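Novice: A predicted structure for the sequence below; I have some questions about it.
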Amino acid sequence: MSDIIPPPEVIYVDGHKVACNGGGGALGHPLVYLELGGEGTVECGYCDRKFVHKDHAHEYENPAPRPEGDH
């Protein structure tokens, strides 16, 4: 078994406000609403998902967009 923890999921969004439930189901968490700050990013305090505004996608290695509705 590997002790390497994968990096948090990065989700690219169009808006400046997002909702996160950790993906729902048994691995989810309570629904929280988050606002992207001046840097265009915000991390969920429950699941560590990182939401990045599409205008800041170029600052990340893999800017493959994932639609907001898929989280």
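Specialist: Okay, I see it.
Novice: low-confidence ranges, the chain, go.
Specialist: Low-confidence segments of the chain, defined by pLDDT under 70, span residues 1-2, 60-71.
Novice: quick one, strands of it?
Specialist: 10-13, 17-20, 32-35, 41-43, 50-53 (DSSP state E).
Novice: for Ala26, which of those strands is the nearest?
Specialist: For these, distance to Ala26 was read as CB to CB. The smallest value, 16.1 Å, belongs to strand 17-20. For every residue, glycine as well, the C-beta is placed using N, CA and C.
Novice: name the strands paired with that closest one and say parallel or antiparallel.
Specialist: strand 32-35 (antiparallel) (DSSP bridges).
Novice: buried residues, the partner strand. List them.
Specialist: Neighbour counts using 16 or more other CB atoms under 10 Å place Leu34 of strand 32-35 among the buried residues.
Novice: kindly report the same for stretch 15-32.
Specialist: So stretch 15-32, judged by 16+ other CB under 10 Å, has buried residues Val18, Cys20, Gly22.
Novice: the first one and Phe51 touch, don't they?
Specialist: Yes - with contact taken as CB atoms under 8 Å, Val18 and Phe51 are classed as touching, separated by 4.8 Å.
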